[in-house]
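Novice: Sequence and predicted structure are below.
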Amino acid sequence: EVQVVESGGGSVQTGGSLRLSCTTSGISFADNEMGWYRQAPAPGPVCELVSSISGGGTSSYSDSVKGRFTISRDNAKNAVYLQMNNLQPEDTAEYYCVAGLGGGYCRSDGYWGQGTQVTVSY
């Protein structure tokens with residue numbers, strides 16, 4: 001059974017920082033692409049792949065977070081992290097760590113954790 005567990009969400013003011021952490025079990029971690037999705041109510045993107053990182057460490061970011069968020073992974077710890085700086089109110093969402101990204105969309109893509117809420121106030 002694949003398990004994905006996130007931690008590190010919370011509430012911050014605009015311009016603040018948070019670091020999300022995620023650990024997994026039940027998969028060959030180093031062989032799998034990992035990522036962070038976020039889900040928020042409309043009118044913004046309802047489900048957005050914020051960032052992903054390959055087993056070898058190649059990362060990618062959505063345009064909305066590029067330059068502010070940094071994804072990293074520690075294959076020895078089966079862990080992936082998302083450092084979020086200069087947070088903005090539009091970053092408010094439920095953030096989900098996803099293991100085994102395969103190019104699907106939203107919930108059809110990989111194994112999802114339970115989510116962690118990030119709230120950014122003005």
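Specialist: That came through fine. Since the model is a prediction, treat every value here as computed from it, not as a measurement.

Novice: Spell out the secondary structure type for the residue nearest to the spatial centre of the chain.
Specialist: Centroid-nearest residue in the chain, with CA atoms, centre = their mean: Trp36, separated by 2.2 Å. Recorded secondary structure, Trp36: strand (DSSP: H, G, I helix; E, B strand; the rest coil).

Novice: give the contact list for it.
Specialist: Trp36 is in contact with 20, 22, 49-52, 71, 80, 82, 95-98, counting by CB atoms under 8 Å, 6 or more residues apart in numbering. Every C-beta, even on glycine, is put in place using the N, C-alpha and C of the backbone.

Novice: can you rerun that using 10 Å?
Specialist: Taking CB atoms under 10 Å, 6 or more residues apart in numbering as the contact definition, Trp36 lies against 6, 20, 22, 48-53, 61-62, 65, 69, 71, 80-82, 84, 95-98, 113, 116.

Novice: ditto for Arg107
Specialist: Shown in contact with Arg107 (CB under 10 Å, 6+ apart): 37, 39, 47, 96, 98.

Novice: Most neighbours out of those, which is it?
Specialist: Using other CB atoms under 10 Å as the neighbour test, the contacts of Arg107 are led by Val98, with 27 neighbours.

Novice: A strand includes that residue, no?
Specialist: Yes - Val98 forms part of a strand when assessed by three-state DSSP.

Novice: my read: it touches Cys47, true?
Specialist: No - with contact defined as CB atoms under 10 Å, Val98 does not reach Cys47; the gap is 11.0 Å.

Novice: mind listing the strands for this structure?
Specialist: For the chain, the strands defined by DSSP state E occupy 3-7, 10-13, 18-25, 34-39, 47-53, 59-61, 69-74, 79-84, 93-99, 111-112, 116-121.

Novice: out of the ones you listed, nearest to Tyr105?
Specialist: strand 47-53 (7.4 Å; CB to CB).

Novice: Show me the contact partners of the closest one.
Specialist: Here strand 47-53 makes contact (CB under 10 Å, 6+ apart) with 20, 33-40, 58-62, 64-66, 69-73, 80-82, 84, 91, 93, 95-96, 98, 101, 105-107, 109-110.
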